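> below are the sequence and a predicted model; questions follow.
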Amino acid sequence: MATVEQVYEALRGVMDPELGRNIVDLGMVRDVEVKGDRVRFTMALTTLACPLKDRMVADAKKALLALEGVRDVDVKLTEMSAEEKARLAGGTSQREGSAEALNRIDHVVAVMSGKGGVGKSLVSGLLAVALRRAGYRVGVLDADVTGPSIPKMFFPDGARPGATPVAILPAESRTGIEVMSINLLLEREDEAVIWRGPLISNAIRQFWGDVLWGVLDYLVVDLPPGTSDAALTVMQTLPLSGVVLVTSPQGLAGMIVRKAARMAERLEVPILGLVENMSYFVCPETGTRYDIFGPSHAAELAAQFDIPFLGRLPIDPKITELCDEGHIEDYPAEEFKPIAEVIARTAPAAKPPAHPLRTQQSRRGK
Ligand SMILES: Nc1ncnc2c1ncn2[C@@H]1O[C@H](COP(=O)(O)OP(=O)(O)OP(=O)(O)O)[C@@H](O)[C@H]1O
Ligand SMILES: [Mg+2]
């Protein structure tokens with residue numbers, strides 16, 4: 001069976017005669033799928049009336065059928081959006097030929113908390129699952145370089161990212177969520193990453209700039225705990241739509257939310273809202289709801305900081321089990337659905353950071 005990387009590699013030999021570049025670099029290749037001896041992909045044309053389209057499709061088929069193990073090629077045609085066409089016509093400010101220049105990611109939502117273990121990764125995972133179920137194209141960037149936990153939730157048997165000469169390809173989950181994490185690049189998943197700040201920042205930047213995410217409606221970024229270097233890097237280098245704050249009811253919630261909220265405010269990143277995780281427990285036998293940690297103050301807390309309160313999630317042993325086994329996509333997540341809907345509806349389009357890392361450094365002392 002051919003690999004997705006081989007498909008991209010072969011398609012790099014197919015030129016758009018009009019634009020004089022290959023169709024991969026032009027961002028025309030989407031949704032590559034290899035199933036047995038069958039390859040399918042979508043070719044996004046500048047116009048469906050393109051007089052050269054038959055020739056490009058024929059060239060693509062020929063290139064793919066030349067691969068070992070490929071017997072059938074199915075090419076779907078679609079038209080680029082006005083924005084994509086404009087980008088193609090006007091060139092791009094991003095690095096020429098880089099993965100970043102080929103990606104089109106509409107919304108980037110980071111999940112953050114001032115404290116460890118409150119369920120950021122769970123919320124990141126559930127958000128991706130809910131958005132995918134709603135029909136969006138979704139990716140998850142695991143920005144927790146020293147404590148990555150996303151791959152374990154999505155891949156019961158582990159996974160490996162693909163690679164083309166210019167880009168890393170994210171691993172794809174069972175339901176089609178694209179995932180990139182340092183864990184996918186390590187030989188053994190329990191290997192420790194003992195890196196300091198600058199290396200961590202570089203890894204995160206590469207996960208943005210060198211990964212071929214393609215066209216995504218939402219990219220969810222799972223942050224490490226606290227207001228650390230990694231959180232700063234994400235807020236100062238990625239074009240965030242906003243951040244979702246996660247808390248749990250146990251102690252210090254106020255102080256922790258204040259810290260995270262202040263950081264977002266100073267960096268001018270919108271806060272999309274607050275989620276309280278592990279908020280209550282529903283006894284499976286009786287259906288009785290217990291506020292184990294006492295009554296929730298999350299809604300008041302959100303009001304105090306003038307941020308939307310998105311909702312509460314119960315403690316559910318089933319979720320721990322499914323996450324540990326790589327089957328988060330099987331969790332019904334009824335409580336999370338309305339939360340994801342609000343995030344999807346209110347997240348503004350991704351926009352470059354107001355306080356980018358480089359500008360700030362070069363302006364130091366000004
Ligand atoms: N609502 C919940 N019900 C049951 N278990 C949960 C719930 N939320 C989180 N957990 C479990 O608690 C553990 C910690 O959750 P998670 O990894 O999402 O937290 P985190 O904030 O990302 O942690 P870290 O700060 O280490 O990145 C995981 O084992 C997870 O499965
Ligand atoms: Mg985590």
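Cool, got the structure. Numbering: from 1, shown residues only. Ligands and ions are numbered 1, 2, ... in the order given.
> pLDDT score for residue 92?
We note a pLDDT of 42 for residue 92 in this prediction.
> with residue 280 as the reference, measure out to residue 300.
Distance from residue 300 to residue 280, counting by Cβ to Cβ, to the nearest Å: 16 Å. C-beta coordinates here come from the backbone N, C-alpha and C atoms, glycine included.
> give me the contact list for stretch 7-25.
With Cβ atoms under 8 Å, 6 or more residues apart in numbering as the test, stretch 7-25 has contacts from 26, 28-29, 32, 34, 39, 41, 43, 50, 52, 55-56, 59-60, 63-64, 66-67, 88, 97, 102, 162, 164-166, 169.
> quick one: end-to-end distance for it.
Stretch 7-25 has an end-to-end distance of 13 Å (Cα to Cα, to the nearest Å).
> point me to the residue of this structure nearest ligand 2.
residue 121 (3.3 Å; Cβ to the ion).
> name the helix or strand of the protein that has the lowest mean pLDDT.
Least confident helix or strand, the chain: helix 357-362 with a mean of 49, by mean pLDDT, DSSP states H and E.
> which of residue 300 and residue 280 has more neighbours?
Applying other Cβ atoms under 10 Å to residue 300 and residue 280 shows that residue 280 carries more neighbours, namely 17 against 10.
> contact partners for that one?
289, 290, 291, 292, 296, 312, 314, 315.
> which residue is the nearest non-sequential neighbour of the third one?
Same thing as residue 291. residue 280 (5.1 Å; Cβ to Cβ, 6 or more residues apart in numbering).
> the second one now?
Residue nearest to residue 290 in three dimensions, not counting chain neighbours: residue 281, with 4.9 Å by Cβ to Cβ, 6+ apart.
> before we move on, what about the fourth one?
Leaving aside its sequence neighbours, residue 292 sits nearest to residue 281 (Cβ to Cβ, 6+ apart; 5.4 Å).
> phi, psi for the residue lying farthest from the centre of the chain please.
Distance from the centre of the chain peaks at residue 286, with 38.1 Å (Cα atoms, centre = their mean). Here is the backbone geometry of residue 286 (degrees, to the nearest 10): phi -100, psi -20.
> separate out the buried members of the contacts of stretch 7-25.
Buried members of the contacts of stretch 7-25, scored by 16 or more other Cβ atoms under 10 Å, are 26, 28-29, 32, 34, 39, 41, 43, 50, 56, 59-60, 63-64, 67, 88, 102, 162, 164, 166, 169.
> just the ones of those residues in strands?
Among those, the ones falling in strands (DSSP state E) are 29, 32, 34, 39, 41, 43, 162, 169.
> so what does the host helix or strand of residue 344 touch, helix or strand wise?
If you go by DSSP states H and E, residue 344 is part of helix 337-346. In terms of contacts (3 or more Cβ pairs under 8 Å, 6 or more residues apart in numbering; DSSP states H and E), helix 337-346 is packed against helix 120-133, strand 271-276, strand 309-312.
> just the buried residues of it, please?
Those would be 339, 340, 342, 343, 344, for helix 337-346 by 16+ other Cβ under 10 Å.
> check stretch 306-320 too.
Buried residues in stretch 306-320, counted by 16+ other Cβ under 10 Å: 307, 309, 310, 311, 312, 313, 315, 316, 319.
> with stretch 274-282 instead?
274, 275, 276, 277, 278, 279, 280, 281.
> which parts of the protein sit against ligand 1?
For the chain, the residues in contact with ligand 1 (Cβ under 6 Å from any ligand atom) are 113, 116-122, 144, 147, 149, 224-225, 277-278, 313, 315-316, 319-320, 323.
> from those, which land in strands?
Reading strands off the residues of the chain next to ligand 1, I find no matches (DSSP E).
> circling back to that earlier point, now the buried residues of stretch 306-320 as a markdown table including distance to ligand 2?
Shown next, in a markdown table, are the buried residues of stretch 306-320 (distance: Cβ to the ion, whole Å):
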| residue | distance to ligand 2 |
| --- | --- |
| 307 | 21 |
| 309 | 22 |
| 310 | 18 |
| 311 | 19 |
| 312 | 19 |
| 313 | 15 |
| 315 | 17 |
| 316 | 17 |
| 319 | 14 |
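> if you drop the residues flanking it in sequence, what lies closest to the closest residue to ligand 1 within the stretch 201-350 of the chain?
Closest contact between the stretch 201-350 of the chain and ligand 1, by Cβ to the nearest ligand atom, is at residue 225 (3.6 Å). Ranked by Cβ to Cβ, 6+ apart and with sequence neighbours excluded, the top spatial neighbour of residue 225 is residue 116, at 3.6 Å.
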